[in-house]
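In: here's my sequence, what's the structure:
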Amino acid sequence: GGAPPARGDAPRPNVVLITHDTTRADRLSCYGYERDTTPRLDAVAAEGARFELAVSVASVTPVSHASILSGLYPHQHGLRVLYAASGYSLPTDVPTLATVLGEAGWTTGAFVSGFPVSEMFGLDRGFDRFDNGLDAAPDEVFQSDGEHDRWDLARFQRRSDATTDAVLEWLATAEEPFFLWVHYWDPHDTKLVPPDEFEVPFEVSTPQDVYDAEVAYVDAQFGRLVDALGADGRLDRTLLAVTADHGQGLGDHGWWNHRLLYQEHIRLPLVLRFPGEPAGAVVDELVRSVDLYPTLLEAAGVPAPASVEGRSLLPLWRGEPDAPRSAYADQLNLWDTNAVMLEKRPADDLLHVWMDREWKLIHRPTAPERSELYHLTEDPGELVNVYADHPDVAARMLAELEALGAFRAEGFGDVEAGDARTEALNALGYLGGDEE
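Out: Numbering: from 1, shown residues only. So this is what the prediction gives:
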């Protein structure tokens, strides 16, 4: 109750960050998809800003979330792989949205829906309340049958309705201003599906239909959260940011899952809503997931650490000129002991992307001749590799990529065979089964 304490002249807003796991921008109705998958997000976009080309730093969950929460590229924050002996947990000295806002006086809460954003990856730091929805702590999830260590999938993810229930319970007593991070998992796999009646509108008969139904179900749960904030007026003093960690192949480029860096894997939905900022804005410029961190801090009136890679999106939202951005992404599949997909796609061992609004380079350090260059403005679906036709563009982009200093020529420590987490991740479809 009551007005939040003033910071200077402006009240300190609540900050709500929603991350949708495995959610492609082009499967959302506000991005032009023919099915009405996201009516609640569409409404929020109409009251704020929708970014047409936002890109992730990676297409695995913990790496991409670490960049959203820190405003840094993976080689800068140090969480590089989903699993290895090291390099899979965010170092304790990296400032995050939770640590910075918490120190500035915000109440902090996180409600996540899957093991790959749990405290095992260091993403819980700075949260007063971190609710992972698991039946056991991440380091206690493994059951041995004498030969293998396994985990039970149903116990280590939760559906978006259960996550939202927990969020609404917390919101009922949360002191303002608060920073709330909500992570929804549903579209990642088809093991936890929406209620039967929810699948009817999508005439579910294919995995594509299930994916759409899951996206729509998450949108309905997101709507419950928006309604709860609106019911008592808190939405009018809340900065709302909605994005994803990465996309999904869904059969494009001959691949159903992720761990690749085509646009279907790294192009993200990004919608922002904040009272006082323009409504109905559509931003065509290239932006990055690392830009969220400085944006949310600036809007909240809190200085961002000087080391941040991202740049605030407020000027673009307001229609002001802003220097164009280039974007970086990587997949260190070779150094990730969980990347069984290399058995099928050995050439995708190390992938590094450098892109601007017009061009995109996918560089393969171990086989440079198999690198790819796409003219995105003419070929947004990345159907024609023009690497051999534009050596000047490829050379320029490779030089810019190399200047970043993100390449890594060695792995992350020794990993013992049969590591428990390897078997554990298998249950979520990161290995073998679902990754096909």
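In: ends of stretch 25-43, how far apart?
Out: Stretch 25-43 has an end-to-end distance of 16 Å (Cα to Cα, to the nearest Å).
In: actually stretch 264-272, not the one I typed
Out: Terminal residues of stretch 264-272 lie 21 Å apart, using Cα to Cα.
In: low-confidence bits of the stretch 1-150 of the chain, can you list those?
Out: Along the stretch 1-150 of the chain, the parts satisfying pLDDT under 70 run over 1-10, 135-150.
In: show me the helices in it, by range?
Out: 39-46, 61-70, 74-77, 97-103 (DSSP state H, counting those that start in this stretch).
In: need the ones you listed in JSON lines with mean neighbour count, can you?
Out: Where you see a C-beta, it was placed from the backbone N, CA and C, and this is true even at glycine. Below are those laid out as JSON lines (neighbours: other Cβ atoms under 10 Å):
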{"stretch": "helix 39-46", "mean neighbour count": "19"}
{"stretch": "helix 61-70", "mean neighbour count": "28"}
{"stretch": "helix 74-77", "mean neighbour count": "22"}
{"stretch": "helix 97-103", "mean neighbour count": "21"}
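In: and these as JSON lines, adding distance to G301?
Out: What follows is the helices of the stretch 1-150 of the chain, written out as JSON lines (distance: least, Cβ to Cβ, whole Å):
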{"stretch": "helix 39-46", "distance to G301": "22"}
{"stretch": "helix 61-70", "distance to G301": "19"}
{"stretch": "helix 74-77", "distance to G301": "24"}
{"stretch": "helix 97-103", "distance to G301": "11"}
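In: go through those and name the closest to D291.
Out: helix 61-70 (9.8 Å; Cβ to Cβ).
In: of all the helices of the stretch 1-150 of the chain, which one is nearest A279?
Out: Closest of the helices of the stretch 1-150 of the chain to A279 is helix 39-46, at 6.8 Å (criterion: Cβ to Cβ).
In: circling back to that earlier point, of the helices of the stretch 1-150 of the chain, which is nearest W354?
Out: helix 74-77 (13.1 Å).
In: A104 and V302 touch, don't they?
Out: Yes - when contacts are counted by Cβ atoms under 8 Å, A104 is listed as touching V302 (4.8 Å).
In: just confirm E214 is within a helix.
Out: Yes - assessed with DSSP: H, G, I helix; E, B strand; the rest coil, E214 lies in a helix.
In: burial count for it?
Out: For E214, the neighbour count with other Cβ atoms under 10 Å is 29.
In: and the pLDDT at it?
Out: Predicted confidence (pLDDT) for E214: 95.
In: now do V204
Out: 85.
In: what's near enough to touch it?
Out: V204 sits next to V210, A213 when contact means Cβ atoms under 8 Å, 6 or more residues apart in numbering.
In: give me the distance between it and G114.
Out: 22 Å (Cβ to Cβ, to the nearest Å).
In: repeat that for L240.
Out: Separation of L240 from G114 (Cβ to Cβ): 22 Å.
In: right, and P177 touches V16 too?
Out: No - with contact defined as Cβ under 8 Å, P177 does not count as touching V16 (10.7 Å).
In: so what sits against both of the two?
Out: Counting by Cβ under 8 Å, 6+ apart, nothing touches both P177 and V16.
In: which stretches of the stretch 301-436 of the chain have low pLDDT?
Out: Where the stretch 301-436 of the chain drops to pLDDT under 70, the residues are 414-436.
In: all the helices of it, residue numbers only.
Out: Using DSSP H, counting those that start in this stretch, helices in the stretch 301-436 of the chain cover 314-317, 391-404, 420-427.
In: identify each buried residue in the longest one, please.
Out: Judged by neighbour count (16 or more other Cβ atoms under 10 Å), helix 391-404 contains these buried residues: V393, A394, M397, L398, L401, L404.
In: burial check on L383, number of neighbours?
Out: L383 has 9 neighbouring residues, counting by other Cβ under 10 Å.
In: residues touching it, list them.
Out: Contacts of L383 were listed using Cβ under 8 Å, 6+ apart, and none were found.
In: do the same with L235
Out: L235 makes contact with V226, L229, according to Cβ under 8 Å, 6+ apart.
In: recalculate using a threshold of 6 Å.
Out: Applying Cβ atoms under 6 Å, 6 or more residues apart in numbering, we find L235 in contact with L229.
In: can you start the count at 11 instead of 1 from here on
Out: I'll keep to 11 as the first residue from here, and by that count the last item is L245.
In: wasn't it part of a strand?
Out: No - secondary structure of L245 (three-state DSSP): helix, not part of a strand.
In: tell me how far it lies from A404.
Out: Here L245 is placed at a distance of 47 Å from A404 (Cβ to Cβ).
In: likewise A68?
Out: Counting by Cβ to Cβ, the gap from A68 to A404 is 22 Å.
In: quick one, phi/psi of P187?
Out: phi -80, psi 150 (degrees, to the nearest 10).
In: surely it touches W116?
Out: Yes - counting by Cβ atoms under 6 Å, P187 does reach W116; the two are 5.2 Å apart.
In: possible to save the buried residues of helix 401-414 as TSV with distance to R169?
Out: Formatted as TSV, these follow (distance: Cβ to Cβ, whole Å):
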residue	distance to R169
V403	45
A404	44
M407	41
L408	43
L411	39
L414	39
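In: nearest to N395, out of these: which one, please.
Out: Using Cβ to Cβ, the buried residues of helix 401-414 come closest to N395 at A404, 10.6 Å.
In: ok, the closest residue to T387 other than its chain neighbours - how many residues close by?
Out: Closest residue in space to T387, ignoring its immediate chain neighbours: E368 at 5.0 Å, by Cβ to Cβ, 6 or more residues apart in numbering. Applying other Cβ under 10 Å, we find 13 residues neighbouring E368.
In: and the gap between E368 and Y384?
Out: Counting by Cβ to Cβ - E368 and Y384 are separated by 10 Å.
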